Structures are given as structure tokens and as C-alpha cells.
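K.L.:
this one's sequence-less:
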């Protein structure tokens, strides 16, 4: 069975992969370094800060992955949704 850290790492890894096209190399690497160091909360916070500060357009999938990663870490997924949902690309 997967432990919590693996779940969190997988969720953050998937999230970062989905955002790879939207993030610059340095933004991507900054978040990845926190993930690699096991600083998952800081990684997610940094990722959300980048989305907000740079007004990144993200996919619905990215929003769901951010919430999932947050839930794995017992973070409030509603707060995460509030912070990033306005950046989700409007479809249609």
C-alpha cells in the first residue's frame, strides 16, 4: 500500500506536470526542489503563490490536482479552490 508521502508526492508531481507548460523553468524548478526535499506544504503554497502572482491560466485538472494534494496534507481544499479557481481557463 502506498504511504501518505507517496500519495502527496504523486499528486504534486502530477500537478507540476500539468502546469509545466504554464510555468517557466525556474518556477517549475523552485516547486520541484521543495517536492524533492519533502517540503510538500511549502511546494504547494509556492505553486499557488506563483499562479496568483503571475496570474497563470490553469486547467480544471490542475485545480483538481491542487485540491487533491492539499487534501492529502490535511490542508483546507476550499481555501485552495478559492485561491486558484479564478485562474482556471474558461472553456467554450
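P.N.:
Right, received. Where do you want to start? Quick caveat, the model's predicted, so the values are computed rather than measured.
K.L.:
Number of residues surrounding residue 83?
P.N.:
16 (other CB atoms under 10 Å). No exception for glycine: its C-beta is placed from N, CA and C like everyone else's.
K.L.:
Quick check: which element contains it?
P.N.:
In this assignment (DSSP states H and E), residue 83 forms part of helix 77-84.
K.L.:
Remind me what that helix packs against, helices and strands.
P.N.:
For helix 77-84, the contact count by 3 or more CB pairs under 8 Å, 6 or more residues apart in numbering; DSSP states H and E identifies helix 40-53, helix 60-72 as packing neighbours.
K.L.:
Can you pull out the low-pLDDT segments for the protein?
P.N.:
Scanning the chain with the threshold set as pLDDT under 70 gives 1-2, 92.
K.L.:
I'd like the distance between the residue most central in space within the chain and residue 43.
P.N.:
Among the residues of the chain, residue 66 comes closest to the average C-alpha position under CA atoms, centre = their mean, at 4.3 Å. Look at residue 66 and residue 43: by CB to CB, to the nearest Å, they are 11 Å apart.
K.L.:
Could you do residue 28 as well?
P.N.:
Following CB to CB, the distance that separates residue 28 from residue 43 is 11 Å.
K.L.:
Settle it for me: which of the two has more neighbours?
P.N.:
Taking neighbours as other CB under 10 Å, residue 28 and residue 43 compare with residue 43 leading, 26 against 18.
K.L.:
For the more buried one, give me its contacts.
P.N.:
12, 31, 32, 34, 35 (CB atoms under 8 Å, 6 or more residues apart in numbering).
K.L.:
Throw those residues into JSON lines and include distance to residue 70, thanks.
P.N.:
Converted to JSON lines, the contacts of residue 43 look like this (distance: CB to CB, whole Å):
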{"residue": "12", "distance to residue 70": "10"}
{"residue": "31", "distance to residue 70": "14"}
{"residue": "32", "distance to residue 70": "18"}
{"residue": "34", "distance to residue 70": "14"}
{"residue": "35", "distance to residue 70": "14"}
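K.L.:
tell me which of those residues is nearest to residue 80?
P.N.:
residue 12 (12.5 Å; CB to CB).
K.L.:
Would you check that residue 23 makes contact with residue 46?
P.N.:
No: assessed by CB atoms under 8 Å, residue 23 is found out of contact with residue 46, at 10.8 Å.
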